[in-house]
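Asker: Based on what follows, work out the 3D shape:
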Amino acid sequence: MVLALGIGALTACGDGGADGSQQAAQTAAPPTAAPGPPQPSQDVRKPGGSALSGKTIVIDPGHNGGNARAPQAINKLVDIGNAKKECDTTGTATNAGYSEHAFTWDVSVRLRKVLEDRGAKVVLTRPNDKGVGPCIDERAAIGNENNAAAVVSVHADGSSASGHGFHVIEPALVRGVTDAEYVNRSHRLALAIRDAYHEGTGLPYSNYLGEQGIDRRNDLGGLNLSEVPKVFIETGNMRNAGDAAKLSSAQFRQRIADSLAQGIDDYLR
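Answerer: The predicted structure is shown next:
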């Protein structure tokens, strides 16, 4: 994901983005493989039933479809605990024009269905893919207010074309902002998500960021301000041809949703 400084302009490092090597991208209409209605998911539950029954899970689809039309709103600075940062960003896109905001919305809707089928109560941080924001501090507050058992922020990266694979971003310990219990619980969530995602999708760990598929950061408001276990996942690199082809596939997006659901389930066991 990447920080937008104006309508249609995408540059590096938004809340949950990669490093400064990210390429510029233009948001355009999705290609033929645009997000569609969720298809029936494959039941990948492990023996022992679901640990999700009765639990509240918050899913945070990164960015929003109206962000590019509202630079003044999304560039507004908000407090992230140890600094100030832009309210939100526009995200990245594949070379074919499939936008990150549409991708994250589609995956999140699919994930909601899988989780609800397993008995969870699911809250999304935005109601559709047509609005602006919400700001990163508001996204964190939604998880806190719902006392979520876990929060997963869904993203796709916009790094250089040679970069491929996925990584999970977990919170760092920030004095006066985050505490050790929150960081440790989020680390366990990150490992569960990483392992289930790797197994379920077959995607490798990122070859350009993080270590063994895990990246720890202290500059993301969505993590700094959370009081409940939370991670971000960069599900692949939209600027890499191989990753982009997978992320643009509705069938593969269902695999992503199934894998994320399994990771949350595994964490709660």
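
Asker: could you pull out the helices for the protein?
Answerer: For the chain, the helices defined by DSSP state H occupy 71-74, 100-117, 136-145, 180-201, 221-224, 241-247, 250-268.

Asker: Just name the most buried of these.
Answerer: Compared across the helices of the chain, helix 221-224 shows the largest average neighbour count, a mean of 28 (mean count of other C-beta atoms under 10 Å). All C-beta spots, glycine's among them, are computed from the backbone N, C-alpha and C.

Asker: Residue ranges in this protein under the pLDDT threshold?
Answerer: Applying pLDDT under 70 to the chain flags the ranges 1-14, 16-48.

Asker: Please identify which of the helices of the chain is closest to Val231.
Answerer: helix 180-201 (4.7 Å; C-beta to C-beta).

Asker: That closest one versus helix 250-268: what angle between them?
Answerer: 140 degrees (axes from the mean of the first three to the mean of the last three C-alpha atoms, to 10 degrees).

Asker: ok, Arg185 - contacts?
Answerer: Going by C-beta atoms under 8 Å, 6 or more residues apart in numbering, Arg185 touches Pro229.

Asker: Please apply the same query to Ile256.
Answerer: Residues near Ile256 by C-beta under 8 Å, 6+ apart: 107, 110-111, 197, 200-201, 235.

Asker: Pro229 and Gly65, how far apart?
Answerer: In this view, Pro229 and Gly65 are 28 Å apart by C-beta to C-beta, to the nearest Å.

Asker: sorry, back to before: want to throw the contacts of Ile256 into CSV with distance to Ala161?
Answerer: Formatted as CSV, the contacts of Ile256 follow (distance: C-beta to C-beta, whole Å):
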residue, distance to Ala161
Val107, 22
Arg110, 27
Leu111, 28
Tyr197, 22
Gly200, 25
Thr201, 20
Thr235, 17
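
Asker: what's the closest non-adjacent residue to Leu77?
Answerer: Nearest residue to Leu77, sequence neighbours excluded (C-beta to C-beta, 6 or more residues apart in numbering): Lys84, at 4.3 Å.

Asker: Please look at that neighbour and Val78 and confirm they touch.
Answerer: Yes: between Lys84 and Val78 there is a contact under C-beta atoms under 8 Å: 6.6 Å.

Asker: Who has more neighbours out of the two?
Answerer: Val78 (16 against 11; other C-beta atoms under 10 Å).

Asker: What's opposite that one in the beta bridge?
Answerer: When assigned by DSSP bridges, Val78 has beta-bridge partners Lys85.
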